[in-house]
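Engineer: When you get a sec, could you give me coordinates for this:
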Amino acid sequence: MALIHGVDYSVVNPDNKWKILKSQMRFAFWSLWISSGVIMQGFDIVAGGQLAALPAFREKFGILQSDGNHLIPARYLSAWNSIAPACEIAATFIFVPMLEKYGRKPGILAASFISVAGVLLQQLAKNWLVHLAGRGVNGIAIGIMFTIAPLWIGETCRPELRGFFLCFFNTSIVFGQFAVVVVSKGSSYIDGKWQWWAPVVAMYIFPLILALVWPFFPESPYWLVRQSRSGDAKKALQRVHGFKGADSEFYDIEIHRMEDEIRFTKDLQGDIEAKHDTFLGINISAEAECFRGINRKRTLTAIFAASGQQMIGATFVIGYATYFLELIKIKDYFNASVALYVVMLLSSMAAFPLTEIFGRRVLIVWPQFVLCFMLLMIGIMGCVPNQARAGWGIVAFIYLWAIIYQLSIGATGFVLASEIATMRLRGATQGLITITNACWGLIMQFTVPYMINPDAGNLGGKVGFIFLGTGLIAAIGGWYLYPETKGISFEKLDELYNLKISPRHFKTAAKEAGTGQIVQNPQDLYAQIVTEKGKETYVEHSNA
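Structural biologist: As a prediction, the model looks like this:
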């Protein structure tokens, strides 16, 4: 046993999470830095609704109405906000195979240059189509960073603190949303083109931050180990953590842990590294493996966890908050939206410790049903004849929805989605998560403007009923699919899924088997669970 900062790192022990956290300052910095690319996504998601609320932007790209005001047509809003997720999908198909071949680091620099080109097109646009092209190009960069950030954090982080640091992902998105609202609020007092230029020009900061620090960024140690470059992996870990002297033994322990994880997964599920069936540059073998055998359930669960955010109304409540509040005649709608994003940012930050204290399943499953109730109330308020009074009721429920969302599936959904894949397929699975999330984003960003715009559906609060329907699907599906992964090593997750244990019983099964210990024979775990739990069904069926 080797004690480093008072912790025995040779075993995975969730009880040590807070002791480990004290020595993770450098890792926290790198996690924040790589998550800055995801801030760009949060900024972009809300930018469409924010720009549409600015008079100068409406005058530039909108259509003059009979009352003398300019209106952005629903088709413009729909196209602007759906082009980014559409380009994310295309970029991810192309990029994920390169991610596995060349590593995580090169894609970050590529995303930085692509983002600059996209922002420049938006800034210099003379018509709505050029602005559309800029949003699409920036969407390519967003898709790359959306895949890399959680993948690098999840691979490099100690298992005891995966949930804590993967929350950076969602908080970065929320911070981006908050930032664009603040910038738009400030620029609303400016006359002329800088009223809408300011939020667009502000997007240059994200590729700038990435490009300046990129030369010093360490490649994923886990990827390097998979490439049989353990020496380089050790150097990368040294840059990640900065431990020196006696504490440097930590690096050998981590390399050994990663090698064991890779070896265990290959022994359990076989090896696809030698398979190179490709189509248009896509590793068909890896993508097909995600949907084969026991991996199918894991892949679908990861996809469902990320997609549930869109299904339960994130695009409506978060992406169009400012514009929606203006449409329902809320006075000081900009101030109300700024306060909303402050609340969401604080709630998202509060989820950091909560995801490790209460776990993933607890913070997702029941809160989703509460969110559905909030959507129901928003829909009912939208049916009230006196909309002047009902508007503030809608605002109140939007605030409650936002708090609960950020404390639950908003933060923890990404954590679960990033943890659930088997290690050898994490790159491919994260790519599928990005693609599916972008597909939902494409659908929602395309349809929400038609739901709420005065020249289209003009549903007001009644749009809550629509997301109530999709939200119930997410809530009910989550009850059966989402396991508890808090403190469970990747090897143990492989064992539990291989034994076909019902996901909602993972916590009990792992506790019975001893979360911190590695079971060498999976059949011993199966026998132990069945023997100790008696008649209660903790296993769907045996694969013995």
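Engineer: Show me the domain layout of this structure.
Structural biologist: 23-221+286-481, 499-533 (automatic domain parsing).
Engineer: helix, strand or coil for V415?
Structural biologist: helix (DSSP: H, G, I helix; E, B strand; the rest coil).
Engineer: now the closest residue to it other than its chain neighbours, what's its secondary structure?
Structural biologist: In this structure, V415 finds its nearest non-sequential neighbour in L166, 4.2 Å apart by Cβ to Cβ, 6 or more residues apart in numbering. Any C-beta I mention is one placed from the backbone N, CA and C, and that applies to glycine too. What three-state DSSP gives for L166 is helix.
Engineer: In the helix or strand containing A475, which residues are buried?
Structural biologist: Using DSSP states H and E, the element containing A475 is helix 463-481. Buried positions in helix 463-481, judged by neighbour count with 16 or more other Cβ atoms under 10 Å: 463-468, 470-472, 474-475, 477-478, 481.
Engineer: Now render those residues as TSV, adding pLDDT and distance to I488.
Structural biologist: What follows is the buried residues of helix 463-481, written out as TSV (pLDDT from 0 to 100; distance: Cβ to Cβ, whole Å):
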residue	pLDDT	distance to I488
V463	83	38
G464	85	36
F465	90	38
I466	88	36
F467	88	32
L468	91	33
T470	89	30
G471	90	28
L472	93	29
A474	90	23
A475	91	23
G477	90	21
G478	89	18
L481	88	16
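Engineer: so which of these comes closest to I364?
Structural biologist: Taking Cβ to Cβ as the measure, I364 lies nearest G478 of the buried residues of helix 463-481, at 5.9 Å.
Engineer: Distance from the helix holding A475 to the middle of the chain?
Structural biologist: Distance of helix 463-481 from the chain centroid (Cα atoms, centre = their mean, to the nearest Å) equals 18 Å.
Engineer: Packing partners of that helix?
Structural biologist: Here helix 463-481 touches helix 294-311, helix 360-381, helix 426-452, going by 3 or more Cβ pairs under 8 Å, 6 or more residues apart in numbering; DSSP states H and E.
Engineer: Could you tell me the average pLDDT over the helix or strand hosting L224, please?
Structural biologist: Using DSSP H and E, L224 falls within helix 221-226. For helix 221-226, mean pLDDT is 90.
Engineer: Could you export whichever helix or strand comes after that helix as CSV, CA atoms only?
Structural biologist: Using DSSP H and E, the next helix or strand after helix 221-226 towards the C-terminus is helix 230-241. This file holds the C-alpha atoms of helix 230-241, laid out as CSV (Å, rounded to 0.1, in the frame of the first residue of the first chain):
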residue,chain,number,x,y,z
SER,A,230,2.8,4.1,-21.4
GLY,A,231,5.9,6.2,-21.1
ASP,A,232,4.1,9.1,-22.9
ALA,A,233,1.0,8.5,-20.7
LYS,A,234,3.1,8.9,-17.6
LYS,A,235,4.5,12.2,-18.9
ALA,A,236,0.9,13.3,-19.6
LEU,A,237,-0.2,12.4,-16.1
GLN,A,238,2.7,14.4,-14.7
ARG,A,239,1.5,17.5,-16.6
VAL,A,240,-2.1,16.8,-15.5
HIS,A,241,-1.4,16.5,-11.7
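Engineer: hang on, the earlier thing: and of the buried residues of helix 463-481, the nearest to I394?
Structural biologist: If you rank those by distance to I394 using Cβ to Cβ, G464 comes first, at 8.2 Å.
Engineer: Hmm, the closest one is touching G379, no?
Structural biologist: Yes - if you go by Cβ atoms under 8 Å, G464 and G379 touch, sitting 3.4 Å apart.
Engineer: sorry, back to before: quick one: neighbours of the residue nearest to V415, just the number.
Structural biologist: Residues lying near L166 (other Cβ atoms under 10 Å) number 27.
Engineer: Quick check: it vs A52, distance?
Structural biologist: Counting by Cβ to Cβ, to the nearest Å, the separation of L166 from A52 is 32 Å.
Engineer: Check V180 too.
Structural biologist: 12 Å.
Engineer: okay, the two: which has more neighbours?
Structural biologist: V180 (27 against 24).
Engineer: The more buried one is in contact with G48, isn't it?
Structural biologist: No - V180 is beyond contact range of G48, at 9.8 Å (criterion: Cβ under 8 Å).
Engineer: R361 against S502, yeah?
Structural biologist: No - at 11.9 Å, R361 does not count as touching S502 under the criterion of Cβ under 8 Å.
Engineer: More neighbours: which of the two?
Structural biologist: Neighbour count, other Cβ under 10 Å: between R361 and S502, R361 has more, with 22 against 15.
Engineer: still on that earlier bit, tell me the one of the buried residues of helix 463-481 nearest F397?
Structural biologist: Checking those against F397 by Cβ to Cβ gives G464 as the nearest, at 8.1 Å.
Engineer: Out of the helices and strands packed on helix 463-481, which gets nearest to V343?
Structural biologist: helix 360-381 (14.0 Å).
Engineer: Just name the most buried of the domains of the chain.
Structural biologist: Greatest average neighbour count among the domains of the chain goes to domain 23-221+286-481 (a mean of 21), per mean count of other Cβ atoms under 10 Å.
Engineer: gap between that domain and the chain center?
Structural biologist: 8 Å.
Engineer: show me the contacts for W401.
Structural biologist: 313, 317, 371, 374-375, 378 (Cβ atoms under 8 Å, 6 or more residues apart in numbering).
Engineer: let's go with 10 Å and repeat that
Structural biologist: By Cβ atoms under 10 Å, 6 or more residues apart in numbering, W401 lies in contact with 312-314, 316-318, 370-375, 377-378, 464, 467.
Engineer: ok, and the closest non-adjacent residue to it?
Structural biologist: Nearest to W401 is M374, by Cβ to Cβ, 6+ apart, at 4.2 Å.
Engineer: returning to what we had before: shared neighbours of R361 and S502, anything?
Structural biologist: Jointly contacting R361 and S502 under the rule Cβ under 10 Å, 6+ apart are P483.
Engineer: Indicate which one of the helices and strands packed on helix 463-481 is closest to I108.
Structural biologist: Proximity to I108 (Cβ to Cβ) singles out helix 426-452 among those, at 14.6 Å.
Engineer: pLDDT score for the residue of the chain most remote from its centre?
Structural biologist: For the chain, the largest distance from the centre (Cα atoms, centre = their mean) belongs to S66, which lies 42.8 Å off. With respect to pLDDT, S66 has a value of 77.
Engineer: Does D260 touch E491 like I think?
Structural biologist: Yes - between D260 and E491 a contact is recorded at 7.4 Å, counting by Cβ atoms under 10 Å.
Engineer: These two: which has the busier surroundings?
Structural biologist: Set D260 next to E491 and count neighbours by other Cβ under 10 Å: E491 wins out with 21 against 14.
Engineer: coming back round to it: now distance to S10 too, for the domains of the chain, in TSV please.
Structural biologist: Shown next, in TSV, are the domains of the chain (distance: least, Cβ to Cβ, whole Å):
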stretch	distance to S10
domain 23-221+286-481	12
domain 499-533	11
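Engineer: Those domains: which one's closest to S248?
Structural biologist: Closest among the domains of the chain, using Cβ to Cβ: domain 23-221+286-481, at 12.8 Å.
Engineer: re earlier: now do the contacts for the residue nearest to V415.
Structural biologist: So L166 contacts 31, 35, 149-150, 153-154, 157, 352, 355, 360, 411-412, 414-419 (Cβ under 10 Å, 6+ apart).
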